[in-house]
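A.B. asks: Predicted model follows, preceded by the sequence.
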Amino acid sequence: MDEVRSTTAWVASHSSHVNIDSLEIEKVVDSMQGNIPVVEWDFEKIHYFDNGPLTVQYMFVLDALNFCFWPDKDLNYDHFAMGLKEALENDKSALDADHLQTYTGPELRKMLKWPRPLPSEEERVRLLHEVGQELERSFGGEAANLVKSSGNSAATLVKLIARHFPGFRDHALYKGRQIFLYKRAQIFVADLWGAFKGKSFGNFDDVNSITIFADYIVPAVLRQLGVLKYSSALCKMVDSDMEIVPGTEEEVELRACSIHAVEKMRELIKKKFGKQVLSIEIDLWLWSYGVRIPTLPHHRTLSIYY
Ligand SMILES: Nc1nc2c(c(CN[C@H]3C=C[C@H](O)[C@@H]3O)cn2[C@@H]2O[C@H](COP(=O)(O)O)[C@@H](O)[C@H]2O)c(=O)[nH]1
């Protein structure tokens with residue numbers, strides 16, 4: 001996680017299209033007196049939860065597919081969460097490692113009750129197969145064993161996921177440097193922590209090492225708050241729904257500056273109010289705020305990472 005922190009800080013200090021406004025961070029922090037609004041995990045009441053290993057399997061599969069819903073304007077994250085939940089409730093073996101390896105696009109669509117091809121459907125199916133194969137090869141078929149191998153360390157779990165599952169290797173090259181973002185791997189840790197309320201499979205000694213999850217909602221909220229300032233060219237691209245090519249400076253800056261801005265917010269809360277706030281808590285507040293404003297313009301990049 002140190003790599004996520006240090007490389008995104010480097011992007012922020014070399015940024016050409018996105019600027020972090022420290023004064024606005026201070027205003028936000030002061031206006032809340034350092035108290036981040038508490039948002040309950042699964043405030044939407046959409047997730048599968050049985051307090052056991054099957055919940056871990058559900059979360060891992062969901063986070064393997066947790067990217068890029070926007071190309072279909074009627075589709076969102078909730079459809080995936082609820083679809084997988086219902087599939088599991090009807091058939092406890094629906095997400096077993098051997099099953100995951102055989103799903104086809106039409107079968108995935110049917111499971112999610114989606115009437116037409118999903119965005120990046122072939123990639124989603126490939127990622128499901130990858131998860132099934134590697135869980136079977138290295139973890140006895142169970143994501144719960146992957147989590148157990150992390151020894152209650154969030155940082156170790158993210159590393160293990162990146163090592164074993166290429167689809168989770170959310171890196172970018174920026175001005176000649178490798179930048180680490182790890183959105184889906186980190187969100188899996190946060191989902192476990194939230195679902196199990198920091199106990200059992202959600203017990204991580206270093207949960208504060210996790211950063212926010214750089215998706216397409218959080219940068220939009222930080223912009224709305226005035227914390228991120230975009231260049232006028234980037235404003236036009238985002239506001240006109242123009243696609244931003246993955247790996248471009250603009251895309252990497254949007255994501256990396258979001259991570260760094262929230263780290264700065266945490267530091268300021270600590271300095272001014274003596275409170276230790278988790279990035280996960282800030283993320284959940286920002287994200288839940290953003291998804292409640294469907295008209296909020298967000299950047300559009302075709303990606304499997306977020
Ligand atoms: N930063 C951040 N990004 C998140 C999530 C979540 C869901 N988190 C669960 C955990 C607790 C809650 O109760 C949620 O159930 C999804 N996303 C991202 O949003 C985008 C989807 O947007 P739309 O197309 O409107 O559905 C897409 O990139 C998706 O990957 C989060 O928490 N943080």
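C.D. replies: Nice, thanks for sending it over.
A.B. asks: Please list the residues of this protein that sit near the ligand.
C.D. replies: Residues of the chain that fall close to the ligand, judged by CB under 6 Å from any ligand atom: 41-44, 66-67, 69-70, 76-77, 187, 191, 194, 212-213, 215-218, 283-284, 287, 291, 306. For glycine as for every other residue, the C-beta is placed from the backbone atoms N, C-alpha and C.
A.B. asks: at 5 Å instead, please
C.D. replies: 41-42, 66, 69, 76-77, 213, 215, 217-218, 283, 287, 291, 306 (CB under 5 Å from any ligand atom).
A.B. asks: Around Leu160, count how many other residues there are.
C.D. replies: Each residue near Leu160 was counted by other CB atoms under 10 Å, and the total is 20.
A.B. asks: Go through the helix or strand containing it and flag the buried ones.
C.D. replies: Under the criterion DSSP states H and E, the helix or strand holding Leu160 is helix 154-164. Neighbour counts over helix 154-164 (16 or more other CB atoms under 10 Å) mark 154-162, 164 as buried.
A.B. asks: ditto for stretch 4-17
C.D. replies: Judged by neighbour count using 16+ other CB under 10 Å, the buried positions of stretch 4-17 are 4-5, 7-12, 15, 17.
A.B. asks: what do you get for stretch 20-27?
C.D. replies: 20-21, 24-25.
A.B. asks: One more: stretch 70-88?
C.D. replies: Buried positions in stretch 70-88, judged by neighbour count with 16+ other CB under 10 Å: 70, 75, 77, 79-85, 87-88.
A.B. asks: One more: stretch 172-181?
C.D. replies: 172, 174, 179-181.
A.B. asks: And the nearest residue to Lys113 once chain neighbours are set aside, what's its pLDDT?
C.D. replies: Spatial nearest neighbour of Lys113, chain neighbours left out: Gly83 (6.0 Å); criterion: CB to CB, 6 or more residues apart in numbering. For Gly83, the pLDDT comes out at 97.
A.B. asks: re earlier: so of the buried residues of stretch 172-181, which ones are in strands?
C.D. replies: Residues of the buried residues of stretch 172-181 located in strands (DSSP state E): 172, 174, 179-180.
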